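Colleague: With the input below, show me the fold.
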Amino acid sequence: MKKYLKKGRGIMVENFVHDLVQNLLKRHNDKKLRVETIHNSVKNSLSMETLINNLSEVLRLSKDEIEKDLIDFGFKDLIDQYKLGKAIGIGNDESNKSDFLISNNASKLNPFPSLFKVRSNPNFLDPILLGDGHKQILNSLFESVSGSFQNDPFIPMYRKNVFSYYRDFNNNVAPVLADTVKSYFGPTYPKYMVTTGIGANEQFTHFVASYNNIAANSRLKWLIVDSPKRLSLLPSDANINNTLFVEFSRSSLTEETVKTHEYTPREAKRIVFSNTGPLKQIAERDQNLILELPDEVSGRFGRNKTPILLAPMYIAGLDVESYWKHIDSAINAFDITDPQSLPFVLAKYILLHQTLSLKNLIYLGCNDNDLGLLADEFIQFWNEGVNKGGNDLLISRFFGLPRDSHMNVEGLLGNRLTKMAIFLLRTDMRSNTTHPLVSSIIDPINPEHIGLHFGDEEVVLAYANYKRFSELMPSILIEIPLKPSLEHSAILGQLFADTTFIYSRLKGIDPGSNPEVKSVRERSANLLAGIAHKIREDKSKPIYEAIVD
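Modeller: Okay, the predicted model is just below:
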């Protein structure tokens with residue numbers, strides 16, 4: 001390839017990619033994307049196997065020679081991913097084996113020991129016997145990917161200048177929100193704030209809303225409506241005079257959010273975050289306050305540097321400054337350029353065990369309802385971020401513990417060879433406040449259970465599940481000794497984002513894209529229009545008949 005390039009022909013490919021990127025930027029300049037972002041997207045879309053085979057044929061060179069050329073010309077990360085892909089499924093059958101360490105620095109595995117602790121079985125620090133070829137592929141991949149992060153255009157969108165973003169919001173956006181709320185409700189606040197949006201626009205709000213609603217000094221009740229159906233759950237006393245709707249849809253094409261607006265009164269008090277399309281148009285019609293969402297930031301990675309969480313937290317009167325300081329401290333603690341950092345170790349652990357035995361599902365066990373809302377953030381990061389392009393490794397927590405013990409565990413443990421597990425467990429659930437019918441100290445039939453306090457059983461029974469899972473499959477345990485707080489939300493949310501991002505780069509997957517979601521969204525809009533047309537033609541036609549037609 002090197003001699004081929006010397007003839008000047010190779011520059012055609014370079015010019016083609018350059019021209020493609022420049023033309024896309026020119027046509028879609030409203031998206032405000034960086035050159036590196038589109039270039040990286042084009043590069044990562046290449047099929048290395050096809051490229052190597054085609055170049056080998058054209059240049060009459062061996063595949064090994066082509067691989068070396070591509071590495072020299074800046075494709076080392078993609079070549080490493082290609083080699084890893086070939087290794088998956090081969091297992092660990094090589095004759096020459098030696099120890100491989102996922103982590104060699106225990107101190108970096110628990111940077112926030114008072115908030116949570118992480119351990120695993122097999123232990124992160126224990127050596128795993130790997131074939132030399134497999135080791136070489138993994139070490140090369142980890143080195144090339146961590147080295148690429150210095151210039152990765154995706155990283156600044158959710159990790160760089162996060163607290164500066166908060167300060168800018170506080171100086172420029174917060175006063176607009178405050179003035180709007182005051183114009184709606186005078187010197188008081190709304191009794192209810194209803195945030196509408198789905199997917200990334202609700203990903204981070206569930207835990208924070210739950211925290212707000214049980215706080216003794218909360219300013220308002222925060223309700224989440226992710227589809228029109230949930231409007232039926234509005235309190236009976238909610239009305240246009242005591243309720244604020246805060247709506248989010250960057251594309252404005254999310255029918256669940258648009259329809260929620262359309263099913264509520266035009267005179268309802270609203271703040272709408274949208275850039276273009278139907279939601280923005282209907283907000284303009286109703287003369288609502290309209291603010292934009294940054295186009296360049298992927299939705300799932302938009303917590304830190306978009307208003308999707310910051311704006312409703314500010315309106316609710318929560319301590320947003322402390323929350324963003326916690327995010328900033330997590331970013332500093334989780335050095336994603338360091339393969340020994342906690343999120344990198346978690347990503348390596350999952351990847352390694354996936355390559356050894358073709359895992360296709362990670363069970364996420366959780367024993368606390370509030371903690372489960374944080375677990376759901378990770379599930380959405382993972383299932384939408386990295387399960388594409390043939391990478392089949394879904395995460396699910398099914399019904400949560402303890403129900404899963406009696407509904408799903410048998411199937412999971414019975415198919416242990418293709419499963420992994422992550423447990424997110426509260427390890428102290430004792431409560432001093434109980435119902436008058438509930439004793440704080442147990443009155444057991446089994447004398448060996450004397451001494452248990454109400455709440456202990458939830459911890460012990462969940463831990464029994466972890467113990468069994470860890471005996472049969474690779475399992476990670478994240479232990480949280482305290483009641484989940486906003487600090488947990490800020491820091492664990494960053495850990496989930498970083499782990500997903502690092503794994504996505506190890507696999508060569510774009511963590512911000514969701515082509516299938518877009519496909520369903522477009523089909524939904526067309527179906528709604530078609531069904532509405534049939535109903536207008538025949539008002540007696542039931543909806544199910546219109547759909548069948």
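Colleague: so where's the stretch 1-150 of the chain shaky on pLDDT?
Modeller: 1-18, 31-41, 43-45, 47, 56-58, 74, 76-77, 80-95 (pLDDT under 70).
Colleague: Can you show me the helices along it?
Modeller: Here the stretch 1-150 of the chain has its helices, by DSSP state H, counting those that start in this stretch, at 2-6, 11-27, 35-44, 48-59, 63-70, 76-87, 132-148.
Colleague: what's the angle from the strand or helix carrying Thr355 to helix 132-148?
Modeller: When elements are assigned from DSSP states H and E, Thr355 belongs to helix 342-357. Inter-element angle recorded for helix 342-357 and helix 132-148: 150 degrees (by axes from the mean of the first three to the mean of the last three CA atoms, to 10 degrees).
Colleague: I'd like the next helix or strand past helix 342-357.
Modeller: strand 361-366.
Colleague: Return the set of buried residues in the helix or strand just after that following strand.
Modeller: On the C-terminal side of strand 361-366, the nearest following helix or strand under DSSP H and E is helix 369-385. For helix 369-385, the buried set under the neighbour-count rule, 16 or more other CB atoms under 10 Å, comprises 370-385. Backbone N, C-alpha and C define where each C-beta goes, glycine included.
Colleague: Any idea how far apart the tips of stretch 185-192 sit?
Modeller: 11 Å (CA to CA, to the nearest Å).
Colleague: now the helices for the stretch 201-350 of the chain?
Modeller: Using DSSP H, counting those that start in this stretch, helices in the stretch 201-350 of the chain cover 205-214, 255-262, 278-285, 307-316, 320-333, 342-357.
Colleague: In TSV: those, plus distance to Phe501, mean neighbour count and mean pLDDT.
Modeller: Putting these into TSV (distance: least, CB to CB, whole Å; neighbours: other CB atoms under 10 Å; pLDDT from 0 to 100) gives the following:
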stretch	distance to Phe501	mean neighbour count	mean pLDDT
helix 205-214	20	19	98
helix 255-262	26	22	95
helix 278-285	28	18	96
helix 307-316	18	24	98
helix 320-333	12	18	99
helix 342-357	8	23	95
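Colleague: closest to Val438 out of those?
Modeller: helix 205-214 (18.5 Å; CB to CB).
Colleague: on contacts alone, who are the packing partners of that closest one?
Modeller: strand 221-225, helix 307-316, helix 369-385, helix 486-507 (3 or more CB pairs under 8 Å, 6 or more residues apart in numbering; DSSP states H and E).
Colleague: Looking at these, which is nearest to Val145?
Modeller: helix 486-507 (5.0 Å).
Colleague: What angle do helix 205-214 and that closest one make with each other?
Modeller: Using the same axes, to 10 degrees: helix 486-507 against helix 205-214 is 180 degrees.
Colleague: just the angle between helix 486-507 and helix 320-333, please?
Modeller: Going by the same axes, to 10 degrees, helix 486-507 makes 40 degrees with helix 320-333.
Colleague: How far does whichever helix or strand comes after helix 486-507 sit from its chain's centre?
Modeller: With elements assigned by DSSP H and E, the helix or strand that comes after helix 486-507 is helix 515-537. What separates the centre of helix 515-537 from the centre of its chain is 27 Å, taken as CA atoms, centre = their mean, to the nearest Å.
Colleague: Show me what helix 515-537 packs onto, helices and strands only.
Modeller: helix 255-262, helix 543-548.
Colleague: List the contacts of the first one.
Modeller: Outside helix 255-262, the residues that touch it by CB atoms under 8 Å, 6 or more residues apart in numbering are 196-198, 201, 225-228, 231, 245, 247-249, 252, 270, 272, 278-279, 282-283, 521, 524-525, 528.
Colleague: So what pairs up with Leu223 in the strands?
Modeller: Leu223 has these beta-bridge partners by DSSP bridges: Val194.
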